[in-house]
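S.K.: Need a 3D model of the following:
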Amino acid sequence: MVQIVSPVIGTIFTIFLLALWSYHRNFTYVLHLAGGATFYTLATSSPIFIAPEGIGRNTFLSTALYLCCVTLLTEGCLKRKNNNLNYLQTAIILTATLIAAFYYRYFDNSLITRIYIVSFGCGSLFAVAAHRIRPSRYDHPVDKVIFWLFLVLSIQLILRPLLTIKPGEVDSNLMAFSDAPFWLALRFSLIVSAVLIGLALLSAVAVDITNDLKKQSTTDALTGAYNRRGFDETASAVISSGRFHPICLIVCDIDHFKRINDDYGHPAGDRVIKMLSELLTAHVRRNDIVGRIGGEEFAVLLAECAPSGATGFSEHVRALFEASGTEGIHGMSATTASFGVADHRPGETLQQLMSRADRQLYAAKNSGRNRVCSDRDNVDSLAPA
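M.R.: I've put the predicted structure just below:
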């Protein structure tokens, strides 16, 4: 009865993972996780279909199946973090494990040695993966749970056979192997580990789907930058946190955009919008925020940035856009943009900061366009000599 528990668990998780993938097919890493669950099902099913006298053959088959299971699970977890296995390192572990298992099956038949080998091989794969997915303090709690599960499981797989199997006790009595304390403990630990890892992985996929849906609701489809809602929420959170001051806000607008749409069509207008978005996104830092807050209008919140830095950033992007804003659009003359810059004042809300930046944008427009205006410049001009 105990033998069928693990295959059933593996099958259930495979079905759930495939169902989640069918709902969100852009998460290709879920297929790796489902593949790992499938190989777990096959590995734990093999004793059911192989007679006790074939236990040696079964452990060699299980070695290959468990290695496939762990490889796919760890690869899926790494891909989820936009990472990959070290394929050379993984190939060395897999090749060494399979060669050693083959040798101790057909040249020096030793079941206990093969158990050491498969446990050490799988444990090594989990240890390497745990090292690669070390969570930062900013990661979701489920990422930390997966890391600790991988780490604990790797230690368990590497050390447990050495601590629980006495040399010769298994090889001397293969028929009694299924009742050996090690095998009973291994079965139980496999069930517990499978349930914990399966639940953690399902939770991780659910978190990713939730975050993706939230991102879709706060992201501009054309540019990939934040939309107005996403920018307002994120920028307000940065300002209220008090951790990134000084803060500056830049508001920019493409000059004569209606003329671009009228003369060259909306696809050309979309291309120009994307060009400006790409320039802004390419030159911001990790804690800066870029949002498309209107048809041809963008806002950039620069964290830990002095007014002079924000003005310099704006001037740099303005010059680049003027030089490259028409790439790929035949017959279009140079496109330009105007920029308004304001630095955050103590106690000021995002809306108040935005209002001051907008006034500087209007000043840039009224001064002939294709320029940067900053409220700091106006303050400096009013200062006594």
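
S.K.: Please count neighbours and contacts with C-alpha atoms only from this point.
M.R.: Will do.

S.K.: so how far is residue 293 from the residue nearest the centre of the chain?
M.R.: The structure's the chain has its C-alpha centroid closest to residue 81; by C-alpha atoms, centre = their mean the separation is 3.5 Å. Going from residue 81 to residue 293 by C-alpha to C-alpha, to the nearest Å gives 29 Å.

S.K.: ok so, going back, I'd like to know how far the residue nearest to the centre of the chain sits from residue 39.
M.R.: Residue 81 sits 22 Å away from residue 39, taking C-alpha to C-alpha as the criterion.

S.K.: related to what we said a few turns ago, now the phi/psi pair for the closest residue to the residue nearest to the centre of the chain other than its chain neighbours, please.
M.R.: The shortest distance from residue 81 to any non-neighbouring residue, by C-alpha to C-alpha, 6 or more residues apart in numbering, is to residue 133 (7.5 Å). Note on residue 133: its backbone torsions stand at phi -110, psi 20 [degrees, to the nearest 10].

S.K.: just residue 349 next, same as before
M.R.: Dihedral angles of residue 349 (phi, psi; degrees, to the nearest 10) stand at phi -90, psi 170.

S.K.: Wait, it touches residue 237, no?
M.R.: No - Residue 349 is not in contact with residue 237 according to C-alpha atoms under 8 Å; the separation is 10.4 Å.

S.K.: What is the neighbour count of residue 108?
M.R.: 11 (other C-alpha atoms under 10 Å).

S.K.: Just confirm it is within a strand.
M.R.: No - under DSSP: H, G, I helix; E, B strand; the rest coil, residue 108 falls outside any strand and is assigned coil.

S.K.: And the pLDDT at it?
M.R.: On the pLDDT scale, residue 108 is placed at 82.

S.K.: From residue 102, how far out is it?
M.R.: Distance, residue 108 to residue 102, using C-alpha to C-alpha: 9 Å.

S.K.: Same question for residue 225.
M.R.: Note on residue 225: its distance to residue 102, by C-alpha to C-alpha, is 54 Å.

S.K.: Those two - which one has more neighbours?
M.R.: Per other C-alpha under 10 Å, whichever of residue 225 and residue 102 has more neighbours is residue 225, with 23 against 18.

S.K.: The more buried one against residue 288, yeah?
M.R.: No - using C-alpha under 8 Å, residue 225 makes no contact with residue 288, being 11.7 Å away.

S.K.: What residues of stretch 220-234 count as buried?
M.R.: For stretch 220-234, the buried set under the neighbour-count rule, 16 or more other C-alpha atoms under 10 Å, comprises 220, 223-232, 234.

S.K.: Show me the residues you listed that map onto helices.
M.R.: 228-232, 234 (DSSP state H).

S.K.: pretty sure the residue nearest to residue 81 is touching residue 147, no?
M.R.: Yes - at 6.5 Å, residue 133 counts as touching residue 147 under the criterion of C-alpha under 8 Å.

S.K.: more crowded one of the two?
M.R.: Neighbours per residue (other C-alpha under 10 Å) separate residue 133 from residue 147, with residue 147 holding more: 22 against 19.

S.K.: could you give the mean pLDDT of the longest helix anywhere in the chain?
M.R.: Scanning the chain for the longest helix, with DSSP H as the assignment, gives helix 181-218. Averaging pLDDT along helix 181-218 yields 84.

S.K.: any low-confidence regions in the stretch 251-385 of the chain?
M.R.: 325-332, 377-385 (pLDDT under 70).

S.K.: And the helices in it, which stretches?
M.R.: Applying DSSP state H, counting those that start in this stretch to the stretch 251-385 of the chain gives helices spanning 257-264, 266-283, 307-324, 350-366, 375-382.

S.K.: Could you dump those helices into TSV and include distance to residue 86 and mean neighbour count?
M.R.: Converted to TSV, these look like this (distance: least, C-alpha to C-alpha, whole Å; neighbours: other C-alpha atoms under 10 Å):
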stretch	distance to residue 86	mean neighbour count
helix 257-264	48	15
helix 266-283	29	18
helix 307-324	38	18
helix 350-366	45	19
helix 375-382	51	12
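
S.K.: Identify whichever of those helices lies nearest to residue 212.
M.R.: helix 266-283 (19.7 Å; C-alpha to C-alpha).

S.K.: Run the angle between that closest one and helix 257-264 for me.
M.R.: Interaxial angle of helix 266-283 relative to helix 257-264 (axes from the mean of the first three to the mean of the last three C-alpha atoms, to 10 degrees): 130 degrees.

S.K.: Give me the contacts around helix 266-283.
M.R.: Applying C-alpha atoms under 8 Å, 6 or more residues apart in numbering, the external contacts of helix 266-283 come out as 222-223, 225, 254, 257, 260-261, 290, 292, 296, 298, 300, 317, 320-321, 325-326, 329.

S.K.: between it and helix 307-324, what angle do the directions make?
M.R.: Here helix 266-283 runs at an angle of 140 degrees relative to helix 307-324 (the same axes, to 10 degrees).

S.K.: Other residues contacting stretch 78-96?
M.R.: So stretch 78-96 is in contact with 27, 29, 67, 74-75, 121, 124-125, 129, 132-133, going by C-alpha under 8 Å, 6+ apart.

S.K.: can you tell me which two in those residues are farthest apart?
M.R.: 27 and 121 (28.0 Å).

S.K.: neighbour count winner among those two?
M.R.: More neighbours surround residue 121 than the other of residue 27 and residue 121, with 26 against 18 (other C-alpha under 10 Å).

S.K.: can you pull the pLDDT of the more buried one?
M.R.: 93.

S.K.: measure the residue nearest to residue 209 when sequence neighbours are not counted to residue 210 for me?
M.R.: Nearest non-adjacent residue to residue 209, counting by C-alpha to C-alpha, 6+ apart: residue 24, 7.3 Å away. As judged by C-alpha to C-alpha, residue 24 and residue 210 stand 11 Å apart.
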